[in-house]
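**Q** Pasting the sequence and the predicted coordinates here, then a few questions.
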Amino acid sequence: MTWLRYGRVPSSREESDQLLDGFMATYDVVDHHHTHVAAPVDVTFATACEIELQDSPLVRAIFKGRELFLGSRADASHGLEACPR
């Protein structure tokens, strides 16, 4: 679907991204993903803040592989900055 829509600006306000539009008003490809969570916002946000992705061997392997492939160094800062600490 993304390939078929390539070069087309979002057709409705529902598909637009106001934050992205502030930085890049015209872009070639739009790809949106939505996940519906059957929980209240405060519970969902608190849970997202408590998750430590670096505790997962799979996540660490993905980041290490990307680091090696791109020839970069690990970034010590991780986590969600929006979460209160």
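**A** Good, I have the coordinates. Residues are numbered from 1 along each chain as shown.
**Q** how close does Phe23 sit to Ile62?
**A** Spatial separation of Phe23 from Ile62 under the definition C-beta to C-beta, to the nearest Å is 26 Å. Any C-beta I mention is one placed from the backbone N, CA and C, and that applies to glycine too.
**Q** who's more crowded, the two?
**A** Looking at Phe23 and Ile62 with other C-beta atoms under 10 Å, you find the greater number of neighbours at Ile62, namely 12 against 8.
**Q** Pull out the buried residues from the helix or strand harbouring that one.
**A** When secondary structure is defined by DSSP states H and E, Ile62 falls within helix 57-70. Under the neighbour-count criterion of 16 or more other C-beta atoms under 10 Å, helix 57-70 has Phe63 buried.
**Q** Using CSV, write out every CA atom in that helix.
**A** These are the backbone C-alpha positions of helix 57-70, laid out as CSV (Å, rounded to 0.1, in the frame of the first residue of the first chain):
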residue,chain,number,x,y,z
PRO,A,57,18.0,-10.2,25.1
LEU,A,58,16.2,-9.9,21.7
VAL,A,59,16.0,-6.1,21.9
ARG,A,60,19.7,-5.9,22.9
ALA,A,61,20.7,-8.1,20.0
ILE,A,62,18.7,-6.0,17.5
PHE,A,63,20.3,-2.8,18.7
LYS,A,64,23.8,-4.4,18.8
GLY,A,65,23.3,-5.7,15.2
ARG,A,66,22.2,-2.3,14.1
GLU,A,67,25.1,-0.7,15.8
LEU,A,68,27.6,-3.1,14.1
PHE,A,69,25.9,-2.8,10.7
LEU,A,70,25.9,1.0,10.8
